[in-house]
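K.L.:
Next come a sequence and a model predicted from it.
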Amino acid sequence: NETARLQQKAMYKDFSPRTKKPALERDAAWEHAFAEFEKVKTDYAHQKHVEELANRTNAEKFRSLAKDVLFEPMRAIKTAWDLSAPGRQGIVFAMSHPIITTKEHIPEMLRAFGSEAAAARTDAAIRRRKYAKLGDLAKLDLTNHGDKLTHREEEIASRLLRKIPGFKGSNRAYITLLNMQRATMFDMMVQAHPEAMTLAKAKAIAHAVNVATGRGEAKSVASAMGLAAKVLWAAQLLLSRAQLLTGEPMWHADAAVRKQIAKEMYLRPLASVAALMALGVMAGGSLDLDPRSSDFGKLKFGNTRIDLMGGMLQIPVMLAKLFSGTKKDARGVVVKDSRGAWDEFANFFRKKLAPVPALAFNVLPPHKNVVGEPTTVASVLQETLTPLSWNDFYEAAKEQGIAKGSLFGLMSIFGLGVQTYDSQRKK
């Protein structure tokens, strides 16, 4: 131990500095060994989890069964065959660096979806990059494929449905894409920093990257996030959107880091969004720029809406209605908003509910879904038993035809918000 080592050095009057062990070279052999280690670690965590399940009390087994049967399957079904990370949590990086996203990250995500070995190789490459150690010290939030399910929002949680082909692939794809985005953005900002890098600056960059990729971080609400994750569809994503909109990642950074954050997470993404919106209008779409409209900032083709900003504009829309006391109705006319502040908040958070609470609201009086359409047996079955991307694809194809609907459906699969409904029928 350390005490005996120092006593021995004093005895022999050896006051030379301690020799540091040379760092292991992170080459292809290291990458292969790391991938093997991650696989063994994942297998160990799985076996440990199985053993813990076997030793539960009857009460714990009942609670777990209720959770698995009533709650988790619906969430897992809704996220099945899910490749939405680029346009959802990853929308900021995707818009900031569309070429890297399409040429590097999405192909790796697809390979990870189809192969556990491919996901492990990509993960190993991320862990052996030049700034990996600095990222760890700065608390860059990279998700391990072997982490416990309850510790990760990106994880598809149901133990029952993880055994079905496609569910585990979706999980690997999500983790791989977001880890690549976080590592790439962190490394790019560290390399481009004009001054000497310090741990404090690295922590500011890592926090900004985590927030930009859907990992909202706030110590003041950390204890409430566990409960929120059960009630809301993606609690940390919602928190991250609020932090981005208020510029929170820049609050505790120095001037040089703030400038980098402004460029990477605001100016570049907004420029890409503006260009895509202009192309959409040229292609025949319309764009509503009134923040009191539910379609604010969305491209609209007939009854199909395309959200290019990852849902971030929903918070400004709610606030605009609250502070103005008005809203734009289905006819495009600005009218007095008869709903009070509570109803506005309730409607906003209803759109963010997890599948089971959302279903409960749909079937209760007045038996309407979140956009005002009547709830029927068929709509409940469709809502419960089909993935989100399939629903969006079907509705878009039905409204726009096979060719254009397929294009919109592809956008939905990769995470862009695509909704199709007739607002004139809302009651």
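P.N.:
Received it, and whenever you're ready, just let me know what you need.

K.L.:
Quick one: residues contacting Leu381.
P.N.:
Residues near Leu381 by Cβ atoms under 8 Å, 6 or more residues apart in numbering: none. Every C-beta, even on glycine, is put in place using the N, C-alpha and C of the backbone.

K.L.:
mind checking how far it is from Ala283?
P.N.:
Distance from Leu381 to Ala283, counting by Cβ to Cβ, to the nearest Å: 35 Å.

K.L.:
residue ranges with poor pLDDT in the stretch 151-300 of the chain?
P.N.:
Across the stretch 151-300 of the chain, residues meeting the criterion (pLDDT under 70) sit at 151-166, 219-227, 229.

K.L.:
Do you have the strands of it handy? List them.
P.N.:
Applying DSSP state E, counting those that start in this stretch to the stretch 151-300 of the chain gives strands spanning 286-287, 299-301.

K.L.:
Partner strands of the last one, with direction?
P.N.:
Yep, that's strand 299-301 we're talking about. strand 286-287 (antiparallel), strand 304-307 (antiparallel) (DSSP bridges).

K.L.:
most tightly surrounded among the ones you listed?
P.N.:
For the strands paired with strand 299-301, average neighbour numbers computed from mean count of other Cβ atoms under 10 Å are highest in strand 304-307, which has a mean of 22.

K.L.:
Let me see the contact set for Gly401.
P.N.:
Gly401 touches nothing, counting by Cβ under 8 Å, 6+ apart.

K.L.:
Need the pLDDT of it.
P.N.:
pLDDT recorded at Gly401 is 80.

K.L.:
What's the separation between it and Met318?
P.N.:
33 Å.

K.L.:
what's the spacing between stretch 79-86 and its chain's center?
P.N.:
10 Å (Cα atoms, centre = their mean, to the nearest Å).

K.L.:
distance between the ends of it?
P.N.:
One end of stretch 79-86 to the other measures 14 Å (Cα to Cα, to the nearest Å).

K.L.:
could you give the mean pLDDT of that stretch?
P.N.:
Here the average pLDDT along stretch 79-86 is 82.

K.L.:
any residues touching it, and which ones?
P.N.:
94, 101, 105-106, 109-110, 113, 154, 156, 161, 166-167, 169-170, 173-174, 177-178, 387-390, 412-415.

K.L.:
count of neighbours near the residue nearest to Pro249 when sequence neighbours are not counted?
P.N.:
Setting aside the residues directly before and after it, Pro249 is nearest to Ala208 in space (Cβ to Cβ, 6 or more residues apart in numbering), at 3.6 Å. By other Cβ atoms under 10 Å, the residues close to Ala208 number 27.

K.L.:
Who are the contact partners of Ala208?
P.N.:
189, 249-250, 253, 257, 261, 265.

K.L.:
Emit the PyMOL select command for whichever of those residues are buried.
P.N.:
Those of the contacts of Ala208 that count as buried under 16 or more other Cβ atoms under 10 Å are selected in PyMOL with:
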select buried, resi 189+249+250+253+257+261+265
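
K.L.:
Filter the contacts of Ala208 down to just the ones in helices.
P.N.:
Residues of those located in helices (DSSP state H): 189, 257, 261.

K.L.:
pretty sure the second one is touching Ala206, no?
P.N.:
In other words, Val257. No. Val257 is not in contact with Ala206 according to Cβ atoms under 8 Å; the separation is 10.7 Å.

K.L.:
thinking again about what came up before, list only those of the contacts of stretch 79-86 flagged as buried.
P.N.:
Looks like the contacts of stretch 79-86 have 94, 101, 105-106, 109-110, 113, 154, 156, 161, 167, 169-170, 173-174, 177-178, 387-390, 412-415 buried, using 16+ other Cβ under 10 Å.

K.L.:
a helix runs through Ser16, doesn't it?
P.N.:
No. Looking at Ser16 with DSSP: H, G, I helix; E, B strand; the rest coil, it is coil, so not inside a helix.

K.L.:
Count the residues that sit near it.
P.N.:
Counted with other Cβ under 10 Å, Ser16 comes out at 6.

K.L.:
What backbone torsions are found at it?
P.N.:
phi -70, psi 150 (degrees, to the nearest 10).

K.L.:
I'd like to know how many residues surround Ser240.
P.N.:
The burial count for Ser240: 26, using other Cβ under 10 Å.

K.L.:
Isn't it up against His207?
P.N.:
No. Proximity of Ser240 to His207 does not meet the contact threshold set by Cβ under 8 Å, at 10.8 Å.

K.L.:
got any residues that touch both of the two?
P.N.:
Joint contacts of Ser240 and His207 (Cβ under 8 Å, 6+ apart) are Glu217.

K.L.:
residues touching Ile315, list them.
P.N.:
So Ile315 contacts 241-242, 245, 348 (Cβ under 8 Å, 6+ apart).

K.L.:
switch to 6 Å and redo it
P.N.:
Leu245 (Cβ atoms under 6 Å, 6 or more residues apart in numbering).

K.L.:
Same question for Arg241.
P.N.:
Applying Cβ under 6 Å, 6+ apart, the residues near Arg241 are Met312.

K.L.:
measure it to Gly325 for me?
P.N.:
24 Å.

K.L.:
try Lys41
P.N.:
56 Å.

K.L.:
Burial check on the residue nearest to Gly90 when sequence neighbours are not counted, number of neighbours?
P.N.:
Excluding its sequence neighbours, the residue lying closest to Gly90 (Cβ to Cβ, 6+ apart) is Gln181, at 5.1 Å. A count of neighbours around Gln181, defined by other Cβ under 10 Å, yields 27.

K.L.:
Hmm, Thr213 and Gln181 touching each other?
P.N.:
Yes. With contact defined as Cβ atoms under 6 Å, Gln181 reaches Thr213; the gap is 5.4 Å.
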